[in-house]
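>>> next comes the sequence, and after it the predicted model I'd like to discuss.
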Amino acid sequence: MTAKRENPTLAIALMVLATVFIAATTLLAKALGTDTLGPPLHALQISQGRFIFALMAIGSVAVLMRAKIRAPNMKLHLRRTLLGWAGVSLMFASVAFIPLTDASAISFLNPVFAMILAIFVLGEKVGRIRWTAAAIALIGALILLRPGPSTFQPAALLALGAAMLFGIEITIIKFLSGREKAIQILLINNMLGVCIATFAASFVWQMPTALQWAALASLGIFMAMAQTCFVHSLARADSSLVVPFSYGTLVFATLYDLLIYDVVPDVISISGAVVIIAGAALLAFREAQLARSR
């Protein structure tokens, strides 16, 4: 582990690569949820595809590693997976109606909700800097919601709900990560996710086109690759160094939206995204300071 931490350049490169894959998953979800590749698929079916193909990718790695599941906390795994599945489904639903820039920016609120939840669940004390960072990020979300009678984006509430669920999920992952191996957490998460997502999708399932099957497979594989890059990035450098590069997701999401859908972010989208990132970056910096002091 020490050797890994001595390679910050590789850590940054892995984090940037993770953002490329994460932004690609939202782009594919948008293509599947609209008529780009055929009749639009329901967000629940897209979520099912994400879990199925991610499980195939992660399961293959687990087989090669000869990974064994040892004493998992199934109650926590189930709660985490339910939250993650619901969050992913809401996020996939939102990108069919709002620009990728807005949805990606709102998703960066999940550390804010995780911080707020940690106060009640983990008993953490939150100082003025962390509260200020949270307030700044939430103001950015309010900007993106465009709270006016003619500009309000109801679909943005889906992305906001996803961020809240992801924030709660982060708190559970903190419990699991200190007790179980990463490959075990990912494997169980996707196994449970397939079961939950398949049951939910059975009510809205329709036969995908050939292009949609390819997009679903790519979405799941990209998600698995993003998770792998993210974990290995954090293993090779301090989070205070690499986490700010995760905001590159917004850059790639904007680029994809521009190239594929010819969507140019307006002043409100740019302003809201900048405010959210400023708040999230300040919060990440403060969290890193607190982690070092502990």
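Alright, I've got the coordinates.
>>> which pLDDT value goes with Leu55?
Turning to Leu55, the model gives it a pLDDT of 94.
>>> now for it: which residues touch it?
187, 190-191, 193-194, 220 (Cβ atoms under 8 Å, 6 or more residues apart in numbering). (Glycine included, C-beta is placed from N, CA and C.)
>>> from these, pick the one nearest Arg50.
Nearest to Arg50 among the contacts of Leu55 is Gly220, at 5.1 Å by Cβ to Cβ.
>>> tell me who's in contact with the residue lying closest to the closest one once chain neighbours are set aside.
With sequence-adjacent residues excluded and distances taken as Cβ to Cβ, 6 or more residues apart in numbering, Gly220 is closest to Phe53, at 2.5 Å. Neighbour list for Phe53: 216-221, 224 [criterion: Cβ under 8 Å, 6+ apart].
>>> returning to that earlier point: which of the contacts of Leu55 lies closest to Ala105?
Looking across the contacts of Leu55 and measuring by Cβ to Cβ, the closest to Ala105 is Gly220, at 24.1 Å.
>>> so that closest one sits right up against Met56, yeah?
Yes. The criterion here is Cβ atoms under 8 Å, and Gly220 meets it with Met56 at 7.0 Å.
>>> more neighbours, those two?
Using other Cβ atoms under 10 Å, the more surrounded residue of Gly220 and Met56 is Gly220, with 24 against 15.
>>> wait, isn't Ile221 in contact with Arg50?
No. Applying Cβ under 8 Å as the test, Ile221 and Arg50 come out as separate, 9.8 Å apart.
>>> in terms of neighbours, single out the busier of the two.
Arg50 (29 against 19).
>>> and the helices in the stretch 151-294 of the chain, which stretches?
Remark: helices assigned in the stretch 151-294 of the chain by DSSP state H, counting those that start in this stretch are 156-177, 182-201, 210-236, 239-242, 248-261, 267-293.
>>> pLDDT on stretch 270-290, on average?
On average, stretch 270-290 scores 83.
>>> how far does it sit from the chain's center?
Centroid displacement of stretch 270-290 relative to its chain, using Cα atoms, centre = their mean, to the nearest Å, is 16 Å.
>>> same question for stretch 73-93.
On Cα atoms, centre = their mean, the centre of stretch 73-93 falls 11 Å from that of its chain.
>>> tell me which residues in that stretch are buried?
76-93 (16 or more other Cβ atoms under 10 Å).
>>> pLDDT weak spots in the stretch 151-294 of the chain?
For the stretch 151-294 of the chain, the stretches flagged by pLDDT under 70 are 151, 239-241, 291, 294.
>>> got the CA positions of stretch 245-253 in PDB?
Extracted in PDB, the C-alpha atoms of stretch 245-253 (Å, rounded to 0.1, in the frame of the first residue of the first chain):
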ATOM      1  CA  PHE A 245     -10.200  15.800 -10.200                       C
ATOM      2  CA  SER A 246     -13.500  13.900  -9.900                       C
ATOM      3  CA  TYR A 247     -15.200  17.100 -10.900                       C
ATOM      4  CA  GLY A 248     -13.900  16.400 -14.400                       C
ATOM      5  CA  THR A 249     -17.100  14.300 -14.800                       C
ATOM      6  CA  LEU A 250     -18.900  17.600 -15.400                       C
ATOM      7  CA  VAL A 251     -16.500  18.600 -18.100                       C
ATOM      8  CA  PHE A 252     -16.900  15.300 -20.000                       C
ATOM      9  CA  ALA A 253     -20.600  15.200 -19.500                       C
END
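>>> what's next to stretch 143-150, contact-wise?
By Cβ under 8 Å, 6+ apart, stretch 143-150 touches 102, 105-106, 152-153, 156-157, 160, 268-269, 271-273, 275-276.
>>> number of nearby residues for Thr101?
Neighbours of Thr101 under the rule other Cβ under 10 Å: 25.
>>> so it, which of the three states?
Three-state assignment for Thr101 (DSSP: H, G, I helix; E, B strand; the rest coil): helix.
>>> ok, the one 10 residues further on next?
Using three-state DSSP, the secondary structure recorded for Pro111 is helix.
>>> test my guess that it contacts Leu283.
Yes. Counting by Cβ under 8 Å, Pro111 touches Leu283, with 5.6 Å between them.
>>> between these two, tell me which one has more neighbours.
Leu283 (24 against 21).
>>> the residue lying closest to the more buried one once chain neighbours are set aside and Ala281, how far apart?
Nearest residue to Leu283, sequence neighbours excluded (Cβ to Cβ, 6+ apart): Ala133, at 3.8 Å. Ala133 is 8 Å from Ala281, where distance means Cβ to Cβ, to the nearest Å.
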